[in-house]
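K.L.:
Need the 3D shape of this:
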Amino acid sequence: MKNKIRILSLIICSTFISIYIFAQTGSLDKSFGVDGIVTTKIGVGDAKVASIALQSDFKIIAAGYSSNSRYLEFALARYDSNGSIDSSFGNNGEVITEIGSGNCSIRSLVIQPDGKLVVAGYAPDDSIYSFALARYCIDGSLDNSFGTNGIVITSFGAFSGIFSSVIQVDGKIVAVGFTGSSTAPGGSKFALARYNQNGSLDSTFGINGKMITAIRNIGDAALSVGIQSDEKIVVSGWSYHSNNTNEGPDIALVRYNINGILDTTFGVGGKIISEIGESSLARKLNILDEKKILISGSTFIGSKSSFVLARYNADGSIDNSFGVNGFVTTSVGTEYNNYAESSVIQPDKKIIVTGFSNNGLKECITLVRYSEDGSLDDLFGNNGIDTTTINSHNSYASAVVMQFDGKILVGGTTRVNNTVANFALVRFISGLNLGVIDNPIPDHAILIYPNPIKPNTILEYTLNSNEEVTIQLINVQGKTEKIFIYKQKQASGIHQQAISLPVELSNGTYFILVTTENNQFSIKIIK
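P.N.:
Below you'll find the model as predicted:
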């Protein structure tokens, strides 16, 4: 007999999550922390969440920096799904790592399929700052099998730092950022490095594991990285311009082949510059279906700033079906000090962008949700926009992820006074109402067998009426790895869908997301 793992039916799943149906989309999730907000004092001065990630057991990892009153240090904290600190991690839920003598900070966090945590940022290396990575075991201890005692420092010979990192399907780590400065010849440049699983530089990438790319020879920096399904590497950031009218950054996009060499089929010689307003920059990059690329960031006209989105086709040309000629700008708050810092794509292809805006009194954590075509989603918050104040001081959002149950989790910082700021997490209701089903439950209409997934795995489900059905595979970061069927009209009755995973997919935890016209839920699977 087949080893059938039975999963809750659509009807029961809808009942299971009915507590959230009546909450306004975009409202704070009152089941998280205190009325949707968690703040954590780490260190003695400023502390900030720069990146967040979700473990397969639904625990939350927040990473960034904290202050020891003299220098900034690598800082991580782990939380249970309700926002309470997880005391089994590190020292009462917190991990502080000091690297060298000087400031060091985490800018990016990714979780390996085996649960180990890879963080990346910058740290001092002798007299200059350099690329810095560290890997932690699941309990928060440094992984001594990585680099030197869990830490890797990579020098580019000039001031350098990592802003973003990603793990390839083969387990190698790609880190991107910048090297150089405004006072150096040619200014700063895009800098990339690829590492083997033990932290050593991958000599098959670029030049001895590193790659430096100048966009305009004035000043450039890479802020975000993504890997396409064909393993090409896409990097976004900014490139500085200076002319008789004004000066400032413009959106820059570069694509590399898997070996780190520029992909000359993309844009002009592998590079794209998009000029929006007087200046603009791309803070976050998302790889979409059909290798389309969505970037989010900010654009500036005079002293006013707005959120900006741009979507590109696979060849780097602008996607004119998105927004107005491929671009979307959104004025938030007073239009001063408004910056988009991160974004995530929901399973239904709506776009969440987070950052901060000024309400005329202080900076507020800000979320904006767009439909797939770039129009504001007026079902979310106040005409697509939600702003949240944590206290009487400024608050900023730096990172956003979508949880497995469809809730939106934002990380950043909130000031307590002029010298102290705390880690901040805020969770919102998305309206997706995803029920994550993990345990075998007998005698219901949805089942998947076998699990862990094998080549002959079948998803079986029953529809009570004629409905449009979408079935897709998503990873623990909420990214779609494969679409099995998309908006397929199906008759009522029993249906079966073969679940064939991409051969290049890493081992680990994933979710099968089932969407009908009336319900949406996900099933946890193991490869």
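K.L.:
hey, let's count contacts and neighbours off CA atoms from now on
P.N.:
Fine.
K.L.:
In contact with the nearest residue to residue 58 once chain neighbours are set aside, which residues?
P.N.:
Once flanking residues are discounted, residue 58 sits nearest to residue 81: 5.8 Å by C-alpha to C-alpha, 6 or more residues apart in numbering. Residues in contact with residue 81, defined by C-alpha atoms under 8 Å, 6 or more residues apart in numbering, are 32, 58, 59, 60.
K.L.:
Also residue 101?
P.N.:
Residues in contact with residue 101 (C-alpha under 8 Å, 6+ apart) are 71, 124.
K.L.:
Relative to residue 147, how far out is it?
P.N.:
Counting by C-alpha to C-alpha, to the nearest Å, the gap from residue 101 to residue 147 is 19 Å.
K.L.:
same check, this time on residue 255
P.N.:
28 Å.
K.L.:
Settle it for me: which of those two has more neighbours?
P.N.:
Counted by other C-alpha atoms under 10 Å, residue 255 and residue 147 do not tie: residue 255 has more neighbours, with 28 against 20.
K.L.:
I'd like to know the beta-bridge partner residues of the more buried one.
P.N.:
Note on residue 255: beta-bridge partners residue 234, judged by DSSP bridges.
K.L.:
hey, what's residue 280 bridged with?
P.N.:
residue 299.
K.L.:
buried set for the host helix or strand of residue 399?
P.N.:
Per DSSP states H and E, residue 399 falls inside strand 395-402. Applying a neighbour-count criterion of 16 or more other C-alpha atoms under 10 Å, one finds 395, 396, 397, 398, 399, 400, 401, 402 buried in strand 395-402.
K.L.:
Spit out the contact partners of the fourth one.
P.N.:
Counting by C-alpha under 8 Å, 6+ apart, residue 398 makes contact with 49, 50, 51, 341, 342, 354, 355, 410, 411, 412, 413.
K.L.:
Inside helices: which ones of those?
P.N.:
Among those, DSSP state H puts none in helices.
K.L.:
Can I get those residues in CSV including neighbour count, pLDDT and distance to residue 131?
P.N.:
CSV is the format used below for the contacts of residue 398 (neighbours: other C-alpha atoms under 10 Å; pLDDT from 0 to 100; distance: C-alpha to C-alpha, whole Å):
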residue, neighbour count, pLDDT, distance to residue 131
49, 30, 98, 19
50, 27, 98, 16
51, 26, 98, 17
341, 24, 97, 21
342, 27, 98, 21
354, 31, 98, 26
355, 29, 97, 25
410, 28, 98, 26
411, 30, 98, 23
412, 29, 98, 22
413, 25, 97, 23
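K.L.:
right, and out of those, which lies closest to residue 232?
P.N.:
Nearest to residue 232 out of these is residue 342 (C-alpha to C-alpha; 21.7 Å).
K.L.:
Touching, that closest one and residue 399? I think so.
P.N.:
Yes. Shown here, residue 342 and residue 399 form a contact pair, counting by C-alpha atoms under 8 Å, at 5.3 Å.
K.L.:
joint contacts of those two?
P.N.:
Common neighbours of residue 342 and residue 399 (criterion: C-alpha under 8 Å, 6+ apart): 354, 355.
K.L.:
ok, then the element right after the lowest-mean-pLDDT helix or strand in the chain?
P.N.:
When each helix and strand of the chain is scored by mean pLDDT, DSSP states H and E, helix 10-16 comes last, with a mean of 31. Counting by DSSP H and E, the next helix or strand C-terminal to helix 10-16 is strand 37-40.
K.L.:
what helices or strands is that following strand leaning on?
P.N.:
Counting contacts by 3 or more C-alpha pairs under 8 Å, 6 or more residues apart in numbering; DSSP states H and E, strand 37-40 packs against strand 421-428.
K.L.:
how about a cut-off of 10 Å?
P.N.:
strand 408-415, strand 421-428 (3 or more C-alpha pairs under 10 Å, 6 or more residues apart in numbering; DSSP states H and E).
K.L.:
So what touches that strand?
P.N.:
Residues outside strand 37-40 that contact it (C-alpha atoms under 10 Å, 6 or more residues apart in numbering): 28-33, 47-48, 77, 79, 82-85, 94, 388-390, 410-414, 421-428.
K.L.:
again, only using 6 Å
P.N.:
Under the contact criterion C-alpha atoms under 6 Å, 6 or more residues apart in numbering, strand 37-40 has outside partners 422, 423, 424, 425, 426.
K.L.:
repeat for stretch 274-285
P.N.:
223-224, 237-238, 248-251, 294-301, 341-342.
K.L.:
The residues you listed in strands, which ones?
P.N.:
Among those, the residues falling in strands (DSSP state E) are 223-224, 237-238, 248-251, 294-301, 341-342.
K.L.:
Restrict these to the buried ones and give me that as a PyMOL selection.
P.N.:
With 16+ other C-alpha under 10 Å as the criterion, this PyMOL line picks the buried residues out of the ones in strands among the contacts of stretch 274-285:
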select buried, resi 223+224+237+238+248+249+250+251+294+295+296+297+298+299+300+341+342
